[in-house]
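Asker: sequence below, structure please.
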Amino acid sequence: MSGHDTVAGVPLRTIAKLLAPVGLGDVDDDPPTGREALETSFARVVLGTMTEPGDTDAGTLVSGLGPVAAVRCVVDELDATEVLGRLGADPSSARQRARMAEALNRWRTRGSPDPGVRALEMAAHVGARLLTPEMSGWPEGLAALGAGEPLALWLRGNPARLSSLERSVSLVGARAATGYGEHVAMESAAGLGDRGFAIVSGGAYGIDGAAHRAAVTSGHVTIAFLAGGVDRLYPAGHSDLLRRVADTGLLIGELPCGSTPTRWRFLMRNRLIAAVSGATVVVEAGHRSGSLNTAGHAAEIGRPLGAVPGPVTSPASAGCHRLIREYAATCVTTVDEMAELADPLGAAVGARGGDEPPGADGSADGGADDRAVMAAASIRGGREPDELAQVTGLSLPSVIAALGRLSLSGAVRSTATGWEATR
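Answerer: Below is the predicted model of the structure:
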């Protein structure tokens, strides 16, 4: 078999077998088996195991030469001068040669295709799907990242739900959230979902988890971007929640299956959260919260940015106040204001065709009260009514009434340690 029948030394027939289970091709169609599609997708997988997220040198190489030629530059061990020549750059520039030489050396430390092969095998094992920029469904907002656009994405869940990103809001915030922050996140996620927005976040403890839970509980689409492979549900304490997100929404990761999250990968993951959504809202954040990194990415690429104010005495809201004061973030205090930030022309009309979410008029079905109590009960099992009142900000009688309605529907149950959600 000639070298032209391989990519990074892997035969095309092997590549076809590896890619078939991960659904190569359009999200709604049978996967194509054309040579170019196979080569391109496998090259992106291999490059994804050689590079770190946000590597603009790799992005420049891929955009200039294409994924297959980019891989061959690495595995064939071309020198920096030859690679620059193929890119049409000035090979006589010492600075450019040094930068390209450093990048090539960095990638070649992971230069084997074996990790890419293993990533595809692990993806098939967990039912993950591969999505590349050449396929339909690729989120258009990622183009704003330029050379930092992901080489590929990995999905768990129904890929058809990618279309929900066209009308979505990112809700982010501190891991060490207060009851106030969790309450705002839950109400915001449920209310935005009622208005037809998908909820995007990072799957972490605190604000992220509260937003995902409220969306799942309310029957709305929520999408979690992970900092490692989609086969590794992190944090471990959110494994059940992330599985529920995959069942009703999507888990998305930039890194191939088998990849572990690191601090750098969390920071780079944040740029995806900012890029795919119509707006980013920081619900609660301390002065040095990682969610401010997401806000910075949103501001850098020109996405609308909102921040929820908190008590001036609360260190947990200091980051939000700083965004409003120093970075021109819009102060948002209601769901309608968040919706308007993402969709100024169509924010007022929700998915149910009204101006208010169910129950907002104080009707007997409980509406917002039930959603808040349900989401709070699902945060961790065994919460007493007075604790639920503190977390949700509702009065104790309102919580007790909501628990009664939810108990009749089977959504919550009373245990020896308190009330907990049943789903």
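
Asker: ok, the nearest residue to Gly191 once chain neighbours are set aside - how many residues close by?
Answerer: Once flanking residues are discounted, Gly191 sits nearest to Val335: 3.3 Å by CB to CB, 6 or more residues apart in numbering. For the C-beta atoms, the positions are set from N, CA and C on the backbone; glycine is no exception. Using other CB atoms under 10 Å, Val335 has 26 other residues around it.

Asker: with Thr392 instead?
Answerer: Neighbourhood size, Thr392 [other CB under 10 Å]: 25.

Asker: report pLDDT for it.
Answerer: We have a pLDDT of 74 for Thr392.

Asker: ok so, going back, got the contact list for the residue nearest to Gly191?
Answerer: 187-188, 191-192, 195, 357 (CB atoms under 8 Å, 6 or more residues apart in numbering).

Asker: same thing but 6 Å
Answerer: 188, 191-192 (CB atoms under 6 Å, 6 or more residues apart in numbering).

Asker: pick the one among those residues closest to Ser314.
Answerer: Nearest to Ser314 among these: Ser188, at 17.6 Å, using CB to CB.

Asker: hey, C-alpha coordinates of the host helix or strand of that closest one in CSV?
Answerer: Using DSSP states H and E, Ser188 sits within helix 179-194. The C-alpha coordinates for helix 179-194 follow below in CSV (Å, rounded to 0.1, in the frame of the first residue of the first chain):
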residue,chain,number,x,y,z
GLY,A,179,-27.8,30.4,48.1
TYR,A,180,-28.6,33.7,46.4
GLY,A,181,-26.5,32.8,43.4
GLU,A,182,-27.9,29.4,43.0
HIS,A,183,-31.5,30.7,43.3
VAL,A,184,-30.8,33.4,40.6
ALA,A,185,-29.2,30.8,38.3
MET,A,186,-32.1,28.4,38.7
GLU,A,187,-34.7,31.0,38.1
SER,A,188,-32.8,32.4,35.1
ALA,A,189,-32.3,29.0,33.5
ALA,A,190,-35.9,28.1,33.8
GLY,A,191,-37.2,31.5,32.7
LEU,A,192,-34.9,31.6,29.7
GLY,A,193,-35.9,28.1,28.7
ASP,A,194,-39.5,29.2,28.9
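
Asker: which parts of the stretch 301-423 of the chain are strands?
Answerer: Ranges of strands within the stretch 301-423 of the chain are 305-307, 330-331, 412-415, 418-421, based on DSSP state E, counting those that start in this stretch.

Asker: those strands into JSON lines, with extra columns for distance to Ala368, mean neighbour count and mean pLDDT?
Answerer: Listed next are those as JSON lines, based on distance: least, CB to CB, whole Å; neighbours: other CB atoms under 10 Å; pLDDT from 0 to 100:
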{"stretch": "strand 305-307", "distance to Ala368": "20", "mean neighbour count": "27", "mean pLDDT": "96"}
{"stretch": "strand 330-331", "distance to Ala368": "22", "mean neighbour count": "15", "mean pLDDT": "96"}
{"stretch": "strand 412-415", "distance to Ala368": "16", "mean neighbour count": "16", "mean pLDDT": "80"}
{"stretch": "strand 418-421", "distance to Ala368": "17", "mean neighbour count": "19", "mean pLDDT": "81"}
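
Asker: got these as TSV, with distance to Gly141 columns?
Answerer: Listed next are these as TSV, based on distance: least, CB to CB, whole Å:
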stretch	distance to Gly141
strand 305-307	14
strand 330-331	19
strand 412-415	37
strand 418-421	33
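
Asker: out of those strands, flag the one nearest Leu406.
Answerer: Ranking the strands of the stretch 301-423 of the chain by their distance to Leu406 (criterion: CB to CB) puts strand 412-415 first, at 4.4 Å.

Asker: how far off centre is that closest one?
Answerer: Here the centre of strand 412-415 is set off from its chain's centre by 32 Å, with CA atoms, centre = their mean, to the nearest Å.

Asker: same question for stretch 304-311.
Answerer: 20 Å.

Asker: circling back to that earlier point, export the helix or strand just after the helix holding Ser188 as CSV, just CAs?
Answerer: Downstream of helix 179-194, the first helix or strand assigned by DSSP H and E is strand 198-201. Taking Å, rounded to 0.1, in the frame of the first residue of the first chain, the C-alpha atoms of strand 198-201 are listed here in CSV:
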residue,chain,number,x,y,z
ALA,A,198,-31.0,26.8,25.3
ILE,A,199,-28.9,27.1,28.5
VAL,A,200,-25.1,26.8,28.0
SER,A,201,-22.6,26.3,30.8
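
Asker: which strands and helices sit next to strand 198-201?
Answerer: Applying 3 or more CB pairs under 6 Å, 6 or more residues apart in numbering; DSSP states H and E, one finds that strand 198-201 contacts strand 168-173, helix 207-217.

Asker: in the last one, which residues are buried?
Answerer: Within helix 207-217, the residues that count as buried by 16 or more other CB atoms under 10 Å are 207-217.

Asker: now, which of those sits nearest Ala328?
Answerer: Ile207 (21.5 Å).
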